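Participant: Give the three-dimensional model of this entry:
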Amino acid sequence: MAEIAPEVQAGSLPALLGEGALTLTLDTAGMRQPYQSHVPLQGETLAAVFEHYLEQSEQTPTRLWLAADHETAAGLFLQALPGASLRDADGWNRLQILADTVRADELLNLGAIKLIERLFPEEDVRVYDPRQVTYYCPYDPAKIYAMLRSVGQAECDAIIAEQGEIRVHDDICNHEYVLDAAAVAALFK
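Facilitator: Model prediction:
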C-alpha cells in the first residue's frame, strides 16, 4: 500500500477536496436509471459532510463518528427516531454528549456491543439479533394519490388536458403510476 503524504493526512477536508458536492447514487436492478442526490460539501470532516447530507435528504437529526487506520475503518451512526423527543425530551442531546466521548481506538477495536456499553451505560439499550438486509419498496398508490390531492384538482385537470394522463415514476422503487381522467376525477370526489 502506498504511503499517504503527511500534508494529506493533516489537511482538512475542504483543503483536500476544495469546492464540490457529495453525490450519492442508488442503482438497483430494475431501475430505469439510477437515483442520485447531491448536497454541497459542507463540513471540516467526512463525517460532518455525511451528517449534512443526511440532514438535507432525510431531515432527521443525525451524527456520525468515523475512524480508520491502515487496516480498519469503523464508525458510529446515531440518528434520532421520529417521535423520540416526545418520550424523552432531552434524549437526543444526552446521547450526543455521551457519544462525543468516543475515541478512535474504541471505534476501531471495541466491537459494537462493548462500544455501546461503554458509551451509554445508564441508558436502556436493546440490541437486536442481526437480520439480513432486504430490499422492500412496495407499490403504494395511496402515497401518489395523497401527493396529487395536495397538488390540487385544478393542476391535475390541467395536466390531464395537456397530456391525456398523469404519469408518476418513483425512481427509488422503480414503480410507474399512470392515472387517466376518470382516475383523477375519482381522487377528488
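Participant: Tell me how this protein divides into domains.
Facilitator: 19-119, 141-187 (automatic domain parsing).
Participant: of all those, which lies closest to residue 125?
Facilitator: With respect to residue 125, and counting by Cβ to Cβ, the nearest of the domains of the chain is domain 19-119 at 5.7 Å. Where C-beta positions appear, they are placed from N, C-alpha and C, glycine not excepted.
Participant: mind checking how far that closest one is from the chain centre?
Facilitator: Chain-centre distance of domain 19-119: 9 Å, with Cα atoms, centre = their mean, to the nearest Å.
Participant: Compare the domains of the chain and give me the one nearest residue 131.
Facilitator: Among the domains of the chain, domain 19-119 sits nearest to residue 131 (Cβ to Cβ), with 14.5 Å.
Participant: distance between the ends of that closest one?
Facilitator: 35 Å (Cα to Cα, to the nearest Å).
Participant: Starting from the helix or strand of the chain with the lowest mean pLDDT, tell me the next helix or strand along the chain.
Facilitator: Across the helices and strands of the chain, mean pLDDT, DSSP states H and E gives its lowest value to helix 6-10, namely a mean of 48. Following helix 6-10 in sequence order, the next helix or strand is helix 13-17 (DSSP states H and E).
Participant: Let me see the mean pLDDT of that next one.
Facilitator: Averaged over helix 13-17, pLDDT sits at 75.
Participant: Any buried residues in the helix or strand following it, and which?
Facilitator: Using DSSP H and E, the helix or strand that follows helix 13-17 in sequence is strand 21-26. Across strand 21-26, burial judged by 16 or more other Cβ atoms under 10 Å covers residue 22.
Participant: neighbours around the residue nearest to residue 41 when sequence neighbours are not counted, how many?
Facilitator: With Cβ to Cβ, 6 or more residues apart in numbering as the criterion, residue 41 has its nearest non-adjacent residue at 4.9 Å, and that residue is residue 20. Residue 20 has 11 neighbours, counted by other Cβ atoms under 10 Å.
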